[in-house]
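Undergrad: With the input below, show me the fold.
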Amino acid sequence: MSSGDWQAPAFGRFRLLGVAGRGGMAVVYRAQTVGASGFSRPVALKQLLPKLVQQDDFVRLFVEEARVSARLDHPHIVQVHDFGTDAHGHYFLVLEWVDGLDLGRWLDGHPKGALPDWTHVSHLALQVLDALDFAHRHTDDQGRSAPVIHRDISPGNILVGAHGHAKLADFGLARAMDRTRMTDEGVIKGKVSYVAPELAKGDQPSPRTDLFSLGATLWETFARRRLFQGPNDLTVLMSILREPIPLLASARPDLPAGLCAVVDKALAKTPEERWPTARAMRRALVEVLLDARRMAEPLDIARSVAVAQGTRRPPSQPSEIVKTESLISDLEHLAPGESDGEIPFDLVPAQANSEPFELIPLVEAPEPD
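TA: Numbers count the residues shown, from 1 in each chain. As a prediction, this is how the structure comes out:
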């Protein structure tokens, strides 16, 4: 079949364009909706891995927590469009497609050895803090305070869009993982570098827990090296608990002192010594930018995203991804409109990773005739 004849496989009302990413929790497909009169829009279709679907406690908590997360309607939080199950009982979500990169890949797109513009990072941080403030001030249907704590702030869950704005991803899944104490290989790998000390000790999280994780993420982004490192997760956790936390100025002496103070305070060992709220931390960061008379332009950040994406251009030949049809047979039986009518989920969207697709089946691909 020539590239000109190739068409992306369609499953129900979704046309799957390729695998965008896979982690220890789910596989994410880059997709389009298929509607009447040629209507379509890009979406991320995320499917939980079978090993998680088989764990009743996880599924129950996931649904419970995700129902709350779905109410977080905010411009800097990834939105969910739909939810359903396929013919095999595997949960999938249809999420807002964020055209861009996660924060880690955005940072990797900078020239080797170059440090990011601190105003760009601060601009993104302001938007993440705005999202956290909204989630932390969430109320239930009776108007009672019901904070939604993310628990998993890290570079992979902060998306930098093509228009130069940030979106925070993954509330529900991280909460269910935390509450069911998931420790499978690949699920928490690399995440411990952003864990707050109280979580490392098994204490209950609070909104200030998210601020510590954001502080560790910002320290890493400004310095372009991970704050907490070690040969294994246990060593990293012990470092978080016992070792003094290096001041940001020790890695970036060129940064404004006020900016370093904002990040350092977020990284205090005890929650009481951190910023009291995301809003307070955001205000302090705004003051730093005003004092420096420096504000980032989203267009400049958008250009940096385009440069980073240019180093990871997707394959131009459809034949390179035509195998998708045979590798995602577990989605074949989706019927148009197959959903329970609710929108109870809000999870990590596809990381807009435009590396050549690594097509990974969730079930064994059928043998050719």
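
Undergrad: Need the pLDDT of the closest residue to Q229 other than its chain neighbours.
TA: Nearest-residue entry for Q229: V236, 6.7 Å, with adjacent residues in sequence omitted and distances by Cβ to Cβ, 6 or more residues apart in numbering. (Each C-beta comes from the backbone N, C-alpha and C, glycine too.) The predicted structure scores V236 at 94 on the pLDDT scale.

Undergrad: so V236 touches F228, yeah?
TA: Yes - counting by Cβ atoms under 8 Å, V236 does reach F228; the two are 5.1 Å apart.

Undergrad: Tell me the spacing between L289 and V121.
TA: Distance, L289 to V121, by Cβ to Cβ, to the nearest Å: 11 Å.

Undergrad: more crowded one of the two?
TA: Neighbours around L289 and V121, counted as other Cβ atoms under 10 Å, are more numerous at V121. The numbers are 22 against 19.

Undergrad: The more buried one: what secondary structure?
TA: helix (DSSP: H, G, I helix; E, B strand; the rest coil).

Undergrad: Run through the residues that contact it.
TA: Contacts here follow Cβ atoms under 8 Å, 6 or more residues apart in numbering; on that basis V121 touches 218, 221-222.

Undergrad: pLDDT score for it?
TA: Confidence per residue is given as pLDDT, and for V121 that number is 97.

Undergrad: Where do the helices of the stretch 51-200 of the chain begin and end?
TA: Listed from the start of the chain, the stretch 51-200 of the chain has helices (DSSP state H, counting those that start in this stretch) covering 56-69, 103-108, 118-136, 172-179, 197-200.

Undergrad: closest one to G23 among those helices?
TA: Comparison of those against G23 by Cβ to Cβ identifies helix 172-179 as nearest, at 9.8 Å.

Undergrad: Distance of V34 relative to V98?
TA: As judged by Cβ to Cβ, V34 and V98 stand 21 Å apart.

Undergrad: Please say which of these two ends up with more neighbours.
TA: Between V34 and V98, counted using other Cβ under 10 Å, V98 has the larger neighbour count: 23 against 16.

Undergrad: Quick check: closest non-adjacent residue to that one.
TA: Sequence neighbours aside, L159 is the residue nearest to V98 in space, at 4.6 Å (criterion: Cβ to Cβ, 6+ apart).
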